[in-house]
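> the sequence and its predicted three-dimensional model are supplied below.
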Amino acid sequence: MRKNNLIKISAQFMLLLILAGCSSSSNFPLFEYPVDWKDNDARTKTISDYSQYLSGKKIFLDPGHGGEDRRNTNKKGDVIEADVNLRVALYLKKYLEQAGAIVFISRDKDATVQLGYRSKLANNSGADLFISVHHNAPGKTEDDYTNYTSVYYHAKDFNYEYEPCNQDMARYIERDLSYVMGNPVGLGSFDGTYSDYNIYPGEGFSVLRKTKIPAVLIEGGFHTSRLEEMRLNIDDFNQIQAWGIFRGLGKYFRAGIPTISPIADSTKYESQKLSLSFSLNDTSGINHKSISVYLEKREVDFQFDRDKNILTIEVENLVEGEYPVRIICANKNGNHALPYHKSIVVTNDACVEIRD
Ligand SMILES: [Zn+2]
């Protein structure tokens, strides 16, 4: 008898526990407010902390779709990707401007902007960086559970047109954005950054391919997901998304970007032998293992003086002409220099000129 009663009591207790578990899960918050955002003073302080890295930076924002292109929605049709992208981009613009950045935007309202025109606007704007803001959808329309945060860069790391600085920026944005959203980074990548060749092999996204400044495309989350569709129309959540991107950008610039500059009196061209040197600079120092040099798209040997941070290239049997040169290097924080593409012009009167 006694034993039966005990079993009965423990069964009731278990049921209570299960019910308590259910009720607490229904109260589980849709998202958390970041500690450096929910309080006005903390927000102002964070913006001011990052302003030393963001002030004066020229950033082009591109909220995807809009106008005639409003077809990407959740199943019910009340979460419209174009509108979510715009809200996030406008809040991001506000935070960046408060930190002293100069912000350009491809649209600031619901308007049609052709894809090719977005890159054209960015290329002509004088901006340093391009950030396209999107939200994702799965390949299968019945899939309402897939959800992760990803940031795309152009090409793959073994392609000549791949620029490692794009993936650096993608990495920083991804980390803080997925963190504030509480989203995973997806199973197709270890850090949530993805090549656009994964979607369109050999071509990538037109908006990344045609934009000539460092560029990334953010897929904030899946507007088709049962979780994301409950959050993406909440204004606070859009502000928090923008905050994640803002913080990621601040940290990207804080990690420093190396510079590459030719040393004017170092160039020599004699008996078809070219020699020239470049100074590589960064406050955290240059990672010598990160350096590669291309002449006419072919990797060439070089010397690097690790004390003076001077890179020297020597090429023999080079007839007079114009040669594209490309240099890649990263600092000790892992951030790469912005794309360095120049033209070396050599003529038989021992003249060497470096052109843009
Ligand atoms: Zn989109």
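Thanks, I have the structure now.

> ok, now which ones touch the residue nearest to residue 337 when sequence neighbours are not counted?
Excluding the flanking residues, the one nearest residue 337 by Cβ to Cβ, 6 or more residues apart in numbering is residue 258, at 4.4 Å. Heads up, the C-betas are built off the backbone N, CA and C, glycines and all. By Cβ atoms under 8 Å, 6 or more residues apart in numbering, residue 258 lies in contact with 280-282, 286, 329-331, 335-337.

> for residue 335, same thing?
Here residue 335 is in contact with 165, 168, 252, 255-258, 282 (criterion: Cβ under 8 Å, 6+ apart).

> average pLDDT across the helix or strand containing residue 276?
Using DSSP states H and E, residue 276 sits in strand 273-281. The average pLDDT within strand 273-281 is 95.

> neighbouring strands - and their directions - for whatever helix or strand comes next after that strand?
Downstream of strand 273-281, the next assigned helix or strand under DSSP H and E is strand 286-295. With DSSP bridges as the test, strand 286-295 is paired with strand 298-300 (antiparallel), strand 321-331 (antiparallel).

> which of the three states applies to the residue of the stretch 201-350 of the chain found nearest the ion?
Of all residues in the stretch 201-350 of the chain, residue 219 sits closest to the ion, at 7.4 Å by Cβ to the ion. The local conformation at residue 219, judged by DSSP: H, G, I helix; E, B strand; the rest coil, is strand.

> give the full set of residues in contact with the residue nearest to it when sequence neighbours are not counted.
Nearest residue to residue 219, sequence neighbours excluded (Cβ to Cβ, 6+ apart): residue 136, at 4.1 Å. Counting by Cβ under 8 Å, 6+ apart, residue 136 touches 150, 219-224.

> residue 203 versus residue 136, what's the distance?
From residue 136 across to residue 203, the span is 19 Å (Cβ to Cβ, to the nearest Å).

> re earlier: pull out the buried residues from the strand holding residue 276.
274, 276-281 (16 or more other Cβ atoms under 10 Å).

> got those as CSV, with distance to the ion columns?
Listed next are the buried residues of strand 273-281 as CSV, based on distance: Cβ to the ion, whole Å:
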residue, distance to the ion
274, 46
276, 44
277, 45
278, 40
279, 42
280, 38
281, 38
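
> closest to residue 344 out of the strands paired with strand 286-295?
Among these, strand 321-331 comes nearest to residue 344, with 4.9 Å by Cβ to Cβ.

> and that closest one, which residues are buried?
Buried residues in strand 321-331, counted by 16+ other Cβ under 10 Å: 325-331.

> can you check stretch 156-163 too?
For stretch 156-163, by 16+ other Cβ under 10 Å, it's 156, 162-163.

> do stretch 120-138 as well
In stretch 120-138, counting by 16+ other Cβ under 10 Å, buried: 121-122, 125, 127-137.

> re earlier: of the contacts of residue 335, which belong to helices?
In this view, the contacts of residue 335 that belong to helices under DSSP state H are 165, 168, 252.

> among these, which one lies nearest to residue 262?
Closest approach between those and residue 262, by Cβ to Cβ: residue 165, at 19.3 Å.

> that closest one: neighbouring residues, count only.
Neighbourhood size, residue 165 [other Cβ atoms under 10 Å]: 23.

> kindly report the same for residue 333.
Neighbour tally, residue 333, other Cβ under 10 Å: 18.

> do the same with residue 247
Residue 247: 25 neighbours (other Cβ under 10 Å).
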